[in-house]
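Chemist: no sequence on this one, just coordinates:
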């Protein structure tokens, strides 16, 4: 599996992906699942992937080759809006999946992939979109300004907490890392190194980071997280079992 | 869906189940999913269910009728060990599922159910076992003394934290409620009232509670939880984005 998440804040966008892939438990490997495209000075795209690794790699190769060959075909350089870029990625994904579907069905392998596409084109506001295996897309809402792909459940509680868009980009990155670490702790198929990318609105440039297992910052975040869970449990309101019974409606 | 969890501590057992069932989003209802059997003075069973509601109800009816009718057939009164009780529940579950499988397949409905069976028989130590839809079972390990059924992922981080068996039963109950509330917050298919049952080793009796939406204790737990997440985010180690870049290996 995999875990990828993107957040759309007032100041810009934050992307986080783990790097673990597994084909069975005895074939675990590390692959980058956060990719950057800068096809022109006034446009930047981040593409995060989850799902079949072969499918995502072929989609990335096709995105790249479409930018390299000249002509008036569709590419990340030609699309006018982010939603068109999402539909374009969705069509490539559908085409790759369809090509290999019969062969993969013979061995009961799911060849589909899910993507998060984020970035900015010219003066339109930056945005993040989730591209489904079926090729359609959704964007993050203002009420819930984040998107997740892959193993989305374990780390959701921390993102639920972000809630608003007015968290600064560094804090959002750290909250994202907390969500990532909680997921990795619960599920072996998600693990470091973690790739992070932070996009400041209007910059058309990206700050990229890789957090490895021996990262000082990861260690500090993990310590704070652990310390707070300990004090949370210690501070839980005291009730004796008998009080609990008296206080609550008891079923016969 | 549903969320049920059981914990095996040094002092006894803790069980928690939500009560929400849904057949589509427009058919949401409340059903008890934590059931107690006391077939003799020296044996007590708690059965928690997740999955197809009709299947779980028929299994419960068959368990009950097997206790009521006389004869030398298998029942919760006749089994000598908890693992035999688990296998017996598994066989009933398999029988019910098989009877209805063809009809349910016509409408693409999954008729399977998963159970947690816990309790104590005579002087054997109390235990909790998870009964799979296939009729086999596992017990909780000493390293991870809890079992979960249903929507298990959202609330796992808090249980990972319990870790050891030496937490007292009241604290374990509160940690379980925290796990339950985190799940309900993330997933509409899980919700209050929550049923809790606490079993003290050797008592052959159970303390049962129902936490409703207006529960004072739930409100207090939720406040502590929220306060700690706020201070956790505030206390995250400060790093400027530039420091972040300097401190971490940057990918080209």
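Modeler: In hand now; what should we look at? Everything quoted here is computed from the prediction, not taken from an experiment. Numbering: from 1, shown residues only, chains lettered A, B, ... in the order given.

Chemist: partner residues bridging residue A:210?
Modeler: Note on residue A:210: beta-bridge partners by DSSP bridges are residue A:195.

Chemist: do you know the pLDDT at it?
Modeler: We have a pLDDT of 89 for residue A:210.

Chemist: same check, this time on residue A:181
Modeler: For residue A:181, the model assigns a pLDDT of 86.

Chemist: name the SS class of the residue in the stretch 101-250 of chain A that chain B sits nearest to, please.
Modeler: Minimum separation of the stretch 101-250 of chain A from chain B (C-beta to the nearest C-beta) falls at residue A:153, amounting to 3.6 Å. Heads up, the C-betas are built off the backbone N, CA and C, glycines and all. Assigned with DSSP: H, G, I helix; E, B strand; the rest coil, residue A:153 falls in the coil class.

Chemist: chain neighbours aside, what residue packs nearest to it?
Modeler: residue B:153 (3.6 Å; C-beta to C-beta, 6 or more residues apart in numbering or on different chains).

Chemist: hang on, the earlier thing: could you give the number of residues near the residue of the stretch 101-250 of chain A closest to chain B?
Modeler: 20 (other C-beta atoms under 10 Å in any protein chain shown).

Chemist: wait, doesn't it sit right on residue B:154?
Modeler: Yes. When contacts are counted by C-beta atoms under 8 Å, residue A:153 is listed as touching residue B:154 (5.2 Å).

Chemist: and for these two, which residues touch both?
Modeler: residue B:186 (C-beta atoms under 8 Å, 6 or more residues apart in numbering or on different chains).

Chemist: which residues of the stretch 151-252 of chain A fall in helices?
Modeler: A:156-162, A:169-186, A:216-235, A:241-247 (DSSP state H, counting those that start in this stretch).

Chemist: ok so, going back, ok, now how distant is the residue of the stretch 101-250 of chain A closest to chain B from residue B:194?
Modeler: Counting by C-beta to C-beta, to the nearest Å, the separation of residue A:153 from residue B:194 is 19 Å.

Chemist: for the stretch 1-150 of chain A, give the residue positioned nearest to chain B.
Modeler: Counting by C-beta to the nearest C-beta, the stretch 1-150 of chain A gets nearest chain B through residue A:32, at 7.9 Å.

Chemist: could I get the phi/psi values of that residue?
Modeler: Phi and psi for residue A:32, reported as degrees, to the nearest 10, are phi -70, psi 130.

Chemist: residues in contact with the residue nearest to residue A:20 when sequence neighbours are not counted?
Modeler: Leaving aside its sequence neighbours, residue A:20 sits nearest to residue A:191 (C-beta to C-beta, 6+ apart; 4.3 Å). Contact partners of residue A:191, counting by C-beta under 8 Å, 6+ apart, are A:18, A:19, A:20, A:184.

Chemist: likewise residue A:37?
Modeler: A:44, A:45, A:46, A:47, A:63, A:67, A:76, A:119.

Chemist: so it sits in a strand?
Modeler: Yes. Counting by three-state DSSP, residue A:37 falls inside a strand.

Chemist: test of understanding: give the bridge partners of it.
Modeler: residue A:45.

Chemist: all good on my end, thank you.
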